[in-house]
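Peer 1: attaching a predicted model along with its sequence, questions to come.
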Amino acid sequence: MKIHALFFGMSKDLAGQSKASVELEEGKTVKEFRELLQQKYPSFSTMDTYAVAVNETYADEEFVLSDKDTVAIIPPVSGG
Amino acid sequence: MKIHALFFGMSKDLAGQSKASVELEEGKTVKEFRELLQQKYPSFSTMDTYAVAVNETYADEEFVLSDKDTVAIIPPVSGG
Amino acid sequence: MENRIFIKLTEDRLSLGECYQFVQDNSCGGLALFVGTVRNNTENKEVKALEFSSYEPMAVKEMNLIAEKALELFGIEKIAIHHAIGNLEVSEVPVIISVSSAHRDAAFKACQYAIDTLKETVPIWKKEFFEDGEVWVNAHP
Amino acid sequence: MENRIFIKLTEDRLSLGECYQFVQDNSCGGLALFVGTVRNNTENKEVKALEFSSYEPMAVKEMNLIAEKALELFGIEKIAIHHAIGNLEVSEVPVIISVSSAHRDAAFKACQYAIDTLKETVPIWKKEFFEDGEVWVNAHP
């Protein structure tokens, strides 16, 4: 299945792009998606941590992704 | 000695004036001044309570008054 | 300490911008403001108008005491406390307090401390006018 | 609930008056505001400029969630949460939150809740520019 990945803040700099289309096997979770990203973008390991939002809502590690989901990489926020 | 009394808020309405000159014996306290006021203005008993300021500073019952002190009658405040 | 405090007791209309400008400081990350407004009802009776009177020199003194105490207790940068006296209509503003601080938590605490204390200690009295009479607020005759 | 919430995420300059006007309500006695400003230094390094970027649709969604939760938790009347994005200079205003309530204690609590939660959950990122480089705030590479 196809995942639309969006990169923000520091992750955008590290990925060198603001979005990417990522192929992922059916039934995979956010945790597994993170592992795949780590392979595609080794420099992501320089980020302490980041959250993930699926279709504009925060999702935890066990969340199971679906085809055409939009997955955003959310480094620690610093608004306000 | 002579005390300058100032009346504010409800006490001004009850006294029917905003200030008065009050004769008081030397060495008297705020407490005794209150008692004297109560005699001069019996309607003051309709006030639940009031504070007293001597020369623009809150004073307690034991405070000893001096000649020419300005004593203000401070009904419950309601600013803000 | 003087240039960190701005006290005003006035018959003029209060200005949110003026209170904001005074405390705004490039070393501060946060600014808390409180604006009191005249409510249109007290215990279900419609308020037509209000009159604030004060023991002016003492009120200014007490407002300064609150400001000094707030600087000391909360380590804030600047504070403005403005209060209107005279006649006010519903939706007009009797009081504005603004506080700036490096840390927003201190700004909120100091702002709340200032309005809470003002309502307890500053010799200002509010008289409410209703269709059928008038009453001194807080007095219980 | 919609007309009690005013969310804005904009490249324009924020307006304190606009936030104030929105929440002002004749049934309310108190109004608490928080104004964030850009500080001129972070850990003793002078900040030259800042850039705020956001995941816009989600940021607006999260700001709405905060506002709804604040109405529910604190029983307040109205709330405005405005955030600026794009380039800001020192002393400019990235965020304004205003809250009106019958009781001031609830207004202060809701205002503080909103700014605290915004700083934790709303997908907005600040990049600080110094003489000798730039850094994503909160990121620890």
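Peer 2: Arrived safely.

Peer 1: geometric centre of chain A: which residue is closest?
Peer 2: With distances taken as Cα atoms, centre = their mean, residue A:73 lies nearest the centre of chain A, 4.1 Å away.

Peer 1: please name the bridge partners of it.
Peer 2: residue A:7, residue A:52 (DSSP bridges).

Peer 1: please name the residues that touch it.
Peer 2: A:5, A:6, A:7, A:8, A:11, A:15, A:37, A:50, A:52 (Cβ atoms under 8 Å, 6 or more residues apart in numbering or on different chains). From N, CA and C alone the C-beta is placed, and that goes for glycine too.

Peer 1: what does chain A have sitting close to chain B?
Peer 2: Chain A has no residues near chain B, with proximity defined as Cβ under 8 Å from any Cβ of the partner chain.

Peer 1: quick one: the strands in chain A, in order.
Peer 2: Using DSSP state E, the strands found in chain A span residues A:2-7, A:19-23, A:51-54, A:57-59, A:70-74.

Peer 1: same check, this time on chain C
Peer 2: When secondary structure is read from DSSP E, chain C shows strands at C:5-10, C:30-36, C:41-42, C:45-54, C:78-84, C:86-88, C:95-101, C:124-130, C:133-136.

Peer 1: excluding sequence neighbours, find me the nearest residue to the residue nearest the centre of chain C.
Peer 2: When chain C is reduced to its mean C-alpha position, the nearest residue by Cα atoms, centre = their mean turns out to be residue C:95, at 3.4 Å. Nearest residue to residue C:95, sequence neighbours excluded (Cβ to Cβ, 6 or more residues apart in numbering or on different chains): residue C:36, at 3.9 Å.

Peer 1: dig out what that neighbour forms beta bridges with.
Peer 2: Using DSSP bridges, the bridge partners assigned to residue C:36 are residue C:95, residue D:30.

Peer 1: how near is it to residue C:17?
Peer 2: 17 Å (Cβ to Cβ, to the nearest Å).

Peer 1: and if you look at residue A:36?
Peer 2: Looking at residue A:36 against residue C:17, where the rule is Cβ to Cβ, the gap reads 53 Å.

Peer 1: so for the two, which sits in the more crowded spot?
Peer 2: Legend: neighbour count by other Cβ atoms under 10 Å in any protein chain shown for residue A:36 and residue C:17, higher for residue A:36 (16 against 10).

Peer 1: burial count for the residue in chain A positioned nearest to chain C?
Peer 2: Chain A approaches chain C most closely through residue A:80 (8.6 Å), counting by Cβ to the nearest Cβ. Neighbours of residue A:80 under the rule other Cβ under 10 Å: 23.

Peer 1: now do the contacts for it.
Peer 2: Contacts of residue A:80 were listed using Cβ under 8 Å, 6+ apart, and they are D:36, D:83, D:94, D:95, D:115, D:118, D:119, D:122, D:124.

Peer 1: one more: residue A:51?
Peer 2: By Cβ under 8 Å, 6+ apart, the residues touching residue A:51 are A:58, A:74.

Peer 1: so what's residue 71 up against?
Peer 2: By default, I'm working from chain A. Residue A:71 is in contact with A:3, A:4, A:5, A:6, A:22, A:30, A:33, A:52, A:53, A:54, A:65, counting by Cβ under 8 Å, 6+ apart.

Peer 1: that answer is for a different chain, and I need it for chain C
Peer 2: Residues in contact with residue C:71 (Cβ under 8 Å, 6+ apart) are C:1, C:4, C:5, C:79, C:110.

Peer 1: mark which of those residues are buried, thanks.
Peer 2: Neighbour-count burial (16 or more other Cβ atoms under 10 Å in any protein chain shown) applied to these gives C:4, C:5, C:79, C:110.

Peer 1: need the per-residue pLDDT for the closest residue to the first one other than its chain neighbours.
Peer 2: What that stands for is residue C:4. Spatial nearest neighbour of residue C:4, chain neighbours left out: residue C:78 (4.8 Å); criterion: Cβ to Cβ, 6+ apart. Model confidence at residue C:78, given as pLDDT, is 97.

Peer 1: isn't residue C:78 up against residue C:21?
Peer 2: No. At 10.5 Å, residue C:78 does not count as touching residue C:21 under the criterion of Cβ atoms under 8 Å.

Peer 1: these two: which has the busier surroundings?
Peer 2: Higher neighbour count among residue C:78 and residue C:21: residue C:78, with 21 against 12, using other Cβ under 10 Å.

Peer 1: what's the closest of the contacts of residue A:73 to residue D:9?
Peer 2: Each of the contacts of residue A:73 was checked against residue D:9 using Cβ to Cβ; the closest is residue A:8, at 14.0 Å.

Peer 1: tell me the phi and psi of that closest one?
Peer 2: In this entry, residue A:8 is assigned phi and psi values of phi -130, psi 160 (degrees, to the nearest 10).

Peer 1: one step back: hang on, the residue nearest to the centre of chain C packs against residue C:82?
Peer 2: Yes. Residue C:95 lies in contact with residue C:82 (Cβ under 8 Å); the separation is 6.9 Å.
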